[in-house]
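1. Give me a 3D structure for the following:
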Amino acid sequence: MTSKLVVNTIEADTGISSVSFASSISLSSTSIFHISNAGINIGADTNISRIGNGVLGFNINGTEKARIDSNGTITATCLLYTSPSP
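-> Predicted structure coming up:
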């Protein structure tokens, strides 16, 4: 059995700060997914956020590790490759 829910807007009421889904969300090719400047949390310690106009930041443990600016320039705090131990 397949269920379908069509929603134009999901807004938080007073006291509700997030909306959670038990499974994946599919968007059509013409859909736009708006996310606040706070960004997307991936687990408890990883975040992708909008740092400023045209700047996307990648954060781990509350510290920015990399960013991509509107010119496509990628800046990283440290690029270090460590091979896995045997």
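2. what's near enough to touch N47?
-> By Cβ atoms under 8 Å, 6 or more residues apart in numbering, N47 lies in contact with A38, G39, I40, N41, F58, N59, I60. For the C-beta atoms, the positions are set from N, CA and C on the backbone; glycine is no exception.
3. And the furthest pair within those?
-> A38 and I60 (15.7 Å; Cβ to Cβ).
4. quick one: low-confidence parts of the protein?
-> The chain contains residues with pLDDT under 70 at 1-19, 79-86.
5. picking up where we left off before, more neighbours, A38 and I60?
-> Taking other Cβ atoms under 10 Å, A38 and I60 do not tie; I60 has more neighbours (14 against 9).
6. residue boundaries of the strands in the chain?
-> For the chain, the strands defined by DSSP state E occupy 40-42, 46-52, 55-60, 63-68, 74-76.
7. Switch those strands over to TSV; also include distance to I25.
-> Output for the strands of the chain, formatted as TSV (distance: least, Cβ to Cβ, whole Å):
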stretch	distance to I25
strand 40-42	12
strand 46-52	16
strand 55-60	20
strand 63-68	24
strand 74-76	28
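8. what's the closest of those strands to F21?
-> Of all these, it is strand 40-42 that lies closest to F21, at 13.3 Å by Cβ to Cβ.
9. now S70, nearest residue through space, not along the chain?
-> Leaving aside its chain neighbours, S70 sits nearest to G54 (3.0 Å; criterion: Cβ to Cβ, 6 or more residues apart in numbering).
10. so who does I25 touch?
-> Not one residue lies near I25 by Cβ under 8 Å, 6+ apart.
11. Good, we can wrap up now.
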